[in-house]
Every structure is written in structure tokens, then in C-alpha cells.
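Peer 1: Sharing a model prediction with you, sequence too.
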Amino acid sequence: MTCAIWDDEEFLARFANKVARDSGECWLWTGAQVKGRGTISYQDRMLLAPRLSKVVADRAWPSEGLQACHTCDNPACVNPDHIWWGTNQDNARDASKKGRFPAQAKTRCRAGHSLSGEN
């Protein structure tokens, strides 16, 4: 019989060993990372640490198509209180609202013209 990931004591200990909880409100992942997001293997699969942190806290896997989104905007954070389930569109809308898209910071177009509400 296979146990659920949130009941797998050996995995949970290995996961906890890779988390720095003394770094403020964010719990920073100290293990392997890809593009700033923590990764950890479980049953021969490489999974994202923020997603697993939320799965373990909720004791349930999210619905299909949902991803782990951060309220803190720190991809290395695995504090489940900072993670919410959302679609890619939800995550993009959240990032846009917070001014997190690089294009939002542009003041000039490629030709050097000023970007303003008039053009």
C-alpha cells in the first residue's frame, strides 16, 4: 500500500531539511532549484517544492490546471500560507496588478519614442 505524500514521514523529513524557516515570513528553499523554484524528487518524479508544500499543508492535490501562485512573489518561498492555487491566467493577472511584468517598466519603444497614454 502506498501512503499519501502528506503521510510519508521519510519524505516530509527530507523536505523539511531543505527549508530555512529563520529567514522571515518566507520559508526559503535551500535545495536544488530550477529558475529560482525549488525542486525535489518524489517517487522518481521531479516536482516543484512550493507546489508540494501547499499539497502537504492542504492534504490534497489541486484540481487539474491549477498552479502554485505566491502572494509574496518569492519563487523560492515554500511557506504554504504564501501560496494559493490559481490558473495561469490568475497568476498573470496577479503579476500584472503588482507590476511584475518587465514590459510594464518600459518607458520607451524600440525606436526610442516615449511611451505615454497619448500614443
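Peer 2: Okay, I see it. Just so you know, these numbers come straight off a predicted model, no measurement behind them. Numbers count the residues shown, from 1 in each chain.

Peer 1: contacting residues for N91?
Peer 2: N91 makes contact with 67, 69 under the criterion C-beta atoms under 8 Å, 6 or more residues apart in numbering. From N, CA and C alone the C-beta is placed, and that goes for glycine too.

Peer 1: For R100, see how far away it is.
Peer 2: 10 Å (C-beta to C-beta, to the nearest Å).

Peer 1: repeat for T39
Peer 2: When T39 is compared with R100 (using C-beta to C-beta), they lie 22 Å apart.

Peer 1: So between those two, which is more surrounded?
Peer 2: With neighbours defined as other C-beta atoms under 10 Å, T39 and R100 compare such that T39 has more, 18 against 13.

Peer 1: That one and R110, how far apart?
Peer 2: When distances are taken as C-beta to C-beta, T39 and R110 turn out to be 36 Å apart.

Peer 1: ok, now G86?
Peer 2: Look at G86 and R110: by C-beta to C-beta, they are 32 Å apart.

Peer 1: Which one's more surrounded, the two?
Peer 2: Here G86 and R110 are compared on neighbour count by other C-beta under 10 Å; more neighbours surround G86, at 17 against 6.

Peer 1: can you pull the contacts of the more buried one?
Peer 2: With C-beta under 8 Å, 6+ apart, G86 has these contacts: 66-67, 69, 94.

Peer 1: So which of the residues you listed wins on neighbours?
Peer 2: Neighbour counts for these peak at C69, which has 21 neighbours (criterion: other C-beta under 10 Å).

Peer 1: and the lengthiest strand in the chain, what other elements does it pack with?
Peer 2: Ranked by residue count, the top strand of the chain under DSSP state E comes out as strand 37-42. For strand 37-42, the contact count by 3 or more C-beta pairs under 8 Å, 6 or more residues apart in numbering; DSSP states H and E identifies helix 9-16, strand 45-48, helix 49-58 as packing neighbours.

Peer 1: could you redo the last one with a cut-off of 10 Å?
Peer 2: helix 9-16, strand 28-29, strand 45-48, helix 49-58 (3 or more C-beta pairs under 10 Å, 6 or more residues apart in numbering; DSSP states H and E).
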